[in-house]
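Q: here is a sequence together with a model predicted from it:
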Amino acid sequence: MKIRIFLIIAVVGSILASCSSSKSASGKVYKKNVHASYYADKFNGKKTASGEKFHNNKYTAAHKKLAFGTKVKVTNIANDKSVVVEINDRGPFTPGREIDLTKKAFMEIADNKNHGSLRVTLEIIN
């Protein structure tokens with residue numbers, strides 16, 4: 001009887017352990033309902049604050065405080081589309097803006113491609 005109870009506890013424990021180790025693309029909400037914008041094409045090829053060259057066709061972003069290398073899930077509040085970007089620059093320096101995305105990342109989550117900013121939620125995923 002004791003062996004049977006032990007086996008049941010062991011099986012249940014291993015099932016619970018495997019469930020808790022699965023990782024999803026969502027994480028801790030950092031900020032809700034903030035403005036996101038995108039870089040102008042004139043920054044292509046220029047050095048970012050992290051030392052990397054900027055490319056508008058990658059999935060990177062600028063943030064004033066988050067550490068370089070931080071991965072952030074950016075979700076458009078209007079349509080629930082999201083993209084994951086890596087912080088590699090400082091900014092944005094326009095008042096009221098929270099994050100600057102590359103044009104590729106921005107256009108992937110935007111409904112209106114003619115608008116320069118979106119309302120988004122930011123989640124830190126690493």
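A: All right, it came through fine.
Q: could you pull out the strands for this structure?
A: Ranges of strands within the chain are 28-38, 60-62, 71-76, 82-89, 97-101, 117-124, based on DSSP state E.
Q: winner for burial among those?
A: Comparing these by mean neighbour count (mean count of other Cβ atoms under 10 Å), strand 60-62 ranks first with a mean of 25. Just so you know, the C-beta spots here come from the backbone N, C-alpha and C atoms, and that holds for glycine as well.
Q: quick one: strands adjacent to it?
A: Applying DSSP bridges, strand 60-62 is found paired with strand 82-89 (parallel), strand 97-101 (antiparallel).
Q: possible to save the ones you listed as CSV with distance to residue 31 and mean pLDDT?
A: Listed next are the strands paired with strand 60-62 as CSV, based on distance: least, Cβ to Cβ, whole Å; pLDDT from 0 to 100:
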stretch, distance to residue 31, mean pLDDT
strand 82-89, 13, 98
strand 97-101, 6, 97
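Q: would you list the ones you listed in JSON lines and tack on distance to residue 117?
A: Shown next, in JSON lines, are those (distance: least, Cβ to Cβ, whole Å):
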{"stretch": "strand 82-89", "distance to residue 117": "15"}
{"stretch": "strand 97-101", "distance to residue 117": "7"}
